[in-house]
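J.: no FASTA, just this:
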């Protein structure tokens, strides 16, 4: 079954340029875009929301937590890079979110950042070593998810007798999304990914066996028939999940509007073709 997600914005709107005679410069009370997108996805019956890593935006895990709090059913994927914290801390933080949100958090690991972005975030690792670190990160995070004791000694991370406290509430490990077409990226996905995210020009045949194929698309022009046809065509090639990014625009209401458009105009077309609805 095809799963449809929307990509949420992470940046605050820019300041409006006001004339000199305006003395009250307080911003109008509006709902943050990421939360509006989450509510729209929930009400519209979409499968999930992706909060991307954006060097100029707010922290995706914080925004994802807000979207999780506002919703009850959609999956919320937070994109972050493995240098953000130790894998034990990332696992503990995520276990808490899973416990209180019905296990709806997912991880989108950004392994191969642009060199200038990585260095600006204090990460000077490059090349295949990034994938070796990501392998250790995911291995340890999954290892300590149980009660332990869990021990791992790697080149980038070490843990001795680790493990998270037990929980009476189900808390599944976050669904893991990875990407990349290099041998190192594909090997990492084969070992740790639940889904491998590819670009529009990538071959779905690259996705390792046993891993779902996912595709990121941009909603341009709001032609629902064209987007639905593209999704159905790519689903026929084996793509299981689609992440739709709203078109870039200065309109602060564009992302929520795109989400409602996906729910009201695109999703019915997909259901009509795949489920015989309508």
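T.: Done, it's in. Source: prediction; values computed, not measured.
J.: Can you show me the strands along the stretch 151-278 of the chain?
T.: 158-162, 175-179, 195-198, 212-219, 239-246 (DSSP state E, counting those that start in this stretch).
J.: Ok, which of the ones you listed comes nearest residue 77?
T.: Relative to residue 77, the nearest member of the strands of the stretch 151-278 of the chain by Cβ to Cβ is strand 175-179, separated by 6.2 Å. All C-beta atoms are positioned from the backbone trio N, CA, C, and that covers glycine.
J.: Quick check: can you name the pairing partners of the closest one and their directions?
T.: According to DSSP bridges, strand 175-179 forms sheet pairs with strand 105-109 (parallel), strand 195-198 (parallel).
J.: Would you map the helices across this protein?
T.: All helices of the chain, identified by DSSP state H, fall at 33-44, 60-70, 87-101, 115-120, 128-144, 183-192, 224-236, 254-261, 267-275.
J.: Compile those helices into TSV and extend it with columns for distance to residue 152.
T.: Below are the helices of the chain laid out as TSV (distance: least, Cβ to Cβ, whole Å):
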stretch	distance to residue 152
helix 33-44	34
helix 60-70	23
helix 87-101	9
helix 115-120	24
helix 128-144	5
helix 183-192	14
helix 224-236	38
helix 254-261	40
helix 267-275	42
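J.: Mind putting those into JSON lines with mean neighbour count, mean pLDDT and distance to residue 200?
T.: JSON lines is the format used below for those (neighbours: other Cβ atoms under 10 Å; pLDDT from 0 to 100; distance: least, Cβ to Cβ, whole Å):
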{"stretch": "helix 33-44", "mean neighbour count": "22", "mean pLDDT": "94", "distance to residue 200": "22"}
{"stretch": "helix 60-70", "mean neighbour count": "21", "mean pLDDT": "96", "distance to residue 200": "23"}
{"stretch": "helix 87-101", "mean neighbour count": "19", "mean pLDDT": "95", "distance to residue 200": "30"}
{"stretch": "helix 115-120", "mean neighbour count": "13", "mean pLDDT": "94", "distance to residue 200": "22"}
{"stretch": "helix 128-144", "mean neighbour count": "21", "mean pLDDT": "97", "distance to residue 200": "23"}
{"stretch": "helix 183-192", "mean neighbour count": "18", "mean pLDDT": "98", "distance to residue 200": "17"}
{"stretch": "helix 224-236", "mean neighbour count": "16", "mean pLDDT": "94", "distance to residue 200": "8"}
{"stretch": "helix 254-261", "mean neighbour count": "20", "mean pLDDT": "90", "distance to residue 200": "18"}
{"stretch": "helix 267-275", "mean neighbour count": "16", "mean pLDDT": "85", "distance to residue 200": "18"}
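J.: What residues does the closest residue to residue 122 other than its chain neighbours make contact with?
T.: Using Cβ to Cβ, 6 or more residues apart in numbering and skipping the chain neighbours, the partner closest in space to residue 122 is residue 83 (6.9 Å). Each residue near residue 83 by Cβ atoms under 8 Å, 6 or more residues apart in numbering is listed here: 118, 121-123, 125, 133.
J.: cool, and residue 78?
T.: Residues near residue 78 by Cβ under 8 Å, 6+ apart: 51, 60-61, 63-64, 105-108.
J.: If we ignore the residues flanking it in sequence, what's nearest it?
T.: For residue 78, the closest residue by Cβ to Cβ, 6+ apart turns out to be residue 64, at 3.8 Å.
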